[in-house]
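>>> Return a 3D structure for these sequence lines:
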Amino acid sequence: MPIPIGGPLALPFRAFGITRSKMNPDICTICERSFQYVKKQRQITVDATILFADIRGFTDLSERIEAVQLSEIVSLFQDRCAQAIWAHDGIVNKQMGDGLMAIFNFPIVSRDHAAAAILAGQQIQRNCAAALSSLALELLPGRTLGVGVGIHSGEVQIGEFSTFRSDFTAIGGVVNQAARLESQAAAGEILVSAETAAKAPDLAAGAETRMLALKGIEQPVQASVLLKR
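Model (predicted):
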């Protein structure tokens, strides 16, 4: 039975701690914290698209400004990224300070999850370019801030992988490659794997391609280079 997460019908569920998930406000905390109960198993294999995003130059930035100002930049980045990811039915699965990881096609099913991730990446770039540039002018005159994004598609393992945390995450080679692609993306770039580009050819058409040597991956990896639109 669907669980209402908004409006007066949601009030009885809130009394039992069932509210909107912080991963995506269109799902509830049962999906977020009770994976094994809902799925009847600890892990499942899912065809998904993984997106990583990160503020470029954050380490250098953290040495130049006060902690309060730094937290303002991180909060703005996380908020703008979440808005873009949610708009395309993804979930913000992990937040790592100046970076994050998103999953598309679980638990919200999306047939065109590769395209959804690319569109979210482009919206992240648009959202963050305007917001971070404005903040940089105020806090760091003469300096620009940017975001790098990496996206990869394929089968991932999703489930609970800890005995002391009940929320789910995704692991596997696809997740690792998405993270490696993000680490190679310059400010304003979206590096999309060949697998993701093949699933969303219209969005990747005409893009520059690069062959990249990624840490932990033996063979060079082809990536399409997309910019914000």
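>>> Can you give me the distance of the most centrally placed residue in the chain to residue 210?
For the chain, the residue nearest the mean C-alpha position is residue 102 (2.7 Å; C-alpha atoms, centre = their mean). Residue 102 is 22 Å from residue 210, where distance means C-beta to C-beta, to the nearest Å. Every C-beta, even on glycine, is put in place using the N, C-alpha and C of the backbone.
>>> For residue 79, identify the helix or strand it belongs to.
helix 67-87 (DSSP states H and E).
>>> any idea which helix or strand comes after that helix?
Next helix or strand after helix 67-87 toward the C-terminus (DSSP H and E): strand 90-96.
>>> Give the pairing partners of that following strand; include direction for each.
Here strand 90-96 is paired, per DSSP bridges, with strand 99-104 (antiparallel).
>>> chain center to the helix or strand just after the partner strand: distance?
The first helix or strand that comes after strand 99-104 along the chain, using DSSP H and E, is helix 113-139. How far helix 113-139 lies from its chain's middle: 12 Å, per C-alpha atoms, centre = their mean, to the nearest Å.
>>> Next: stretch 148-158.
Stretch 148-158 sits 9 Å away from the centroid of its parent chain (C-alpha atoms, centre = their mean).
>>> Now it: buried residues?
Under the neighbour-count criterion of 16 or more other C-beta atoms under 10 Å, stretch 148-158 has 148, 149, 150, 151, 152, 153, 154, 156, 157, 158 buried.
>>> just stretch 213-229 next, same as before
For stretch 213-229, burial by neighbour count (16+ other C-beta under 10 Å) applies to 214, 221, 223, 224, 225, 226, 228.
>>> Tell me the confidence at residue 169?
pLDDT recorded at residue 169 is 88.
>>> Now it: phi and psi?
phi -150, psi 180 (degrees, to the nearest 10).
>>> OK, contacts around it?
Listed by C-beta atoms under 8 Å, 6 or more residues apart in numbering, the contact set of residue 169 reads 93, 94, 158, 159, 161.
>>> Give the bridge partners for it, please.
Each beta-bridge partner of residue 169 is listed here, defined by DSSP bridges: residue 159.
>>> Repeat that for residue 94.
Under the criterion used here (DSSP bridges), residue 94 is bridged to residue 101.
>>> That one is in contact with residue 103, isn't it?
No - under the criterion of C-beta atoms under 8 Å, residue 94 is not in contact with residue 103, lying 9.3 Å apart.
>>> So the two - more neighbours on which side?
residue 103 (28 against 16; other C-beta atoms under 10 Å).
>>> surely that one meets residue 47?
No - the pair residue 103 / residue 47 is not scored as a contact, 11.4 Å apart, by C-beta under 8 Å.
>>> okay, residue 80: pLDDT?
94.
>>> Give the burial count for the closest residue to it other than its chain neighbours, as a bare number.
Spatial nearest neighbour of residue 80, chain neighbours left out: residue 127 (3.8 Å); criterion: C-beta to C-beta, 6 or more residues apart in numbering. If you count neighbours by other C-beta under 10 Å, residue 127 ends up with 21.
>>> what's the distance between residue 127 and residue 83?
6 Å.
>>> End to end on stretch 98-117, go ahead and measure it.
With C-alpha to C-alpha, to the nearest Å as the measure, stretch 98-117 spans 19 Å from end to end.
>>> I misspoke; the intended subject was stretch 92-106.
11 Å.
>>> list the buried ones in that stretch?
For stretch 92-106, by 16+ other C-beta under 10 Å, it's 92-95, 98-106.
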